[in-house]
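[1] Here is a sequence with its predicted model. Questions after.
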Amino acid sequence: AAKVYYDDDANLDLLKGKTIAIIGYGSQGHAQAQNLRDSGCEVIVGQRSGSPNHDLAVEHGFKPVSAGEAAEAGDLVNILLPDEVQGDVYRDSIKPQLRSGNLLMCSHGFNIHFGQVVPPEGVDAALVAPKGPGHLVRSEYEKGGGVPSLIALSEGASEESRKLALAYAKGIGGTRGGVIETTIAEETETDLFGEQAVLCGGVSELVKAGYETLVDAGYQPEMAYFECMHELKLIVDLLYQGGLNYMRYSVSNTAEYGDYSSGPRVITDETKAEMKKILSEIQSGEFAKNWLMENKVNAPMFKATRRAERNHPIEQVGKELRRMMKWIDSKEV
Ligand code: NDP
Ligand code: MG
Ligand code: MG
């Protein structure tokens, strides 16, 4: 069974007299920086100027500096930039500032695991990864709670580094929800697999395929939207509270019977074989290489696909319908 740490297992005093550099004031950066400060830690924010995130950091009472300056000031240096830019910023601005005994940190192991961020001699690396988006990391902390998190250390890291990483996890509220120990490889590979096969890739394609099937058969797009996208939230809420058992307990027996009889016809052995292939491409580094190369040429495939996906009919129909549902806090991007 996985080891889970709670508040009593971590000591915030270990961070006394140390400065934590948070590089990037985006989704995770803004949340972790503020939580740590509220936990009594000394925090310096590294955020490039001329962007709304810079203004936000100032508004929140920080005095943002460049990534290099923050790295120089930090005893713990957490890189919270988009994964695809971390390697370049690390090599150019952060690495030259690291000193022996510093702890290099991240919230996703992608760059360390795939060799884009290589800590210098005498510097351990630690991952503290909240299992939730930044706004939740902040709002749960403000409510007195915390988002469950993962912790992992680079190979050969000291016991001291482990304790510091745990203290950091406590500072952002993670140990209130529970912190599971993992390895950087396990975190990286399972995170990538989950978002590709299930959470983002799997769900998006499932929703679109269901919508298209109904619309192609002549049903009204609005009906297809409610059935295949809107209602998904209600189902996911049940899963979140009580797993598949509770979802099946809550839906009608007819829905439960259809679940058993049709579900395996949608997710077939062929689908599972493809999932295995996706996982092996993650493990071999092929996915990482493709994503990093894509960025080296300014992400043409990524941008073209994003553009096309934004215009999918379900997005047009959904936007109009959500505007009428005042209670759902609809968002448009
Ligand atoms: P965001 O995209 O929200 O924030 C990115 C930050 O990096 C912004 O402050 C942005 O500043 C800055 N930035 C972007 N490009 C550059 C650049 N070229 N040079 C310098 N600064 C730049 O990132 P996230 O918070 O989503 O992700 C940070 C890390 O956390 C990633 O490793 C991610 O995998 C991990 N993570 C994210 C989760 C999430 O829910 N978002 C969950 C768990 C982990 P500017 O405004 O100037 O562009
Ligand atoms: Mg991820
Ligand atoms: Mg129904």
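    Looks like it came in fine. Ligands and ions are numbered 1, 2, ... in the order given.
[2] So is the helix or strand containing I112 next to ligand 2?
    Remark: I112 resides in helix 110-113, with elements defined by DSSP states H and E. No: Helix 110-113 does not reach ligand 2 (CB under 5 Å from the ion); its nearest approach is 8.0 Å. Glycine gets a C-beta too; all of them are placed from N, C-alpha and C.
[3] Smallest gap between the stretch 151-300 of the chain and ligand 2, at which residue?
    Taking CB to the ion, ligand 2 has its nearest neighbour within the stretch 151-300 of the chain at D191, 4.4 Å off.
[4] Identify the residue spatially nearest to that residue, adjacent ones excluded.
    Excluding its sequence neighbours, the residue lying closest to D191 (CB to CB, 6 or more residues apart in numbering) is H108, at 6.3 Å.
[5] on that earlier part again, could you say what helices and strands the helix holding I112 packs with?
    For helix 110-113, the elements it packs on are helix 83-89, helix 184-193, judged by 3 or more CB pairs under 8 Å, 6 or more residues apart in numbering; DSSP states H and E.
[6] near ligand 2, which residues of this structure?
    191, 195.
[7] domain parsing for the chain?
    Domains of the chain are assigned by automatic domain parsing as 4-182, 192-328.
[8] Which of these has the highest mean neighbour count?
    Compared across the domains of the chain, domain 4-182 shows the largest average neighbour count, a mean of 20 (mean count of other CB atoms under 10 Å).
[9] what's the closest non-adjacent residue to the residue of the chain found nearest ligand 1?
    The chain approaches ligand 1 most closely through G26 (1.8 Å), counting by CB to the nearest ligand atom. Once flanking residues are discounted, G26 sits nearest to N53: 5.9 Å by CB to CB, 6+ apart.
[10] where do the strands sit along the stretch 51-200 of the chain?
    Applying DSSP state E, counting those that start in this stretch to the stretch 51-200 of the chain gives strands spanning 76-79, 103-106, 124-130, 149-153, 179-181.
[11] In TSV, list the ones you listed along with mean pLDDT.
    Putting the strands of the stretch 51-200 of the chain into TSV (pLDDT from 0 to 100) gives the following:
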stretch	mean pLDDT
strand 76-79	98
strand 103-106	98
strand 124-130	98
strand 149-153	98
strand 179-181	97
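[12] give me phi/psi at I23?
    Note on I23: backbone dihedrals following degrees, to the nearest 10 are phi -100, psi 110.
[13] who touches A57 in this structure?
    Contact partners of A57, counting by CB atoms under 8 Å, 6 or more residues apart in numbering, are 25, 30, 33, 45, 47, 64.
[14] Please flag which of those residues sit within helices.
    30, 33 (DSSP state H).
[15] Let me have the contacts of A57 in a markdown table, extended by pLDDT.
    Below are the contacts of A57 laid out as a markdown table (pLDDT from 0 to 100):
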| residue | pLDDT |
| --- | --- |
| Y25 | 98 |
| H30 | 98 |
| A33 | 99 |
| V45 | 98 |
| Q47 | 98 |
| P64 | 98 |
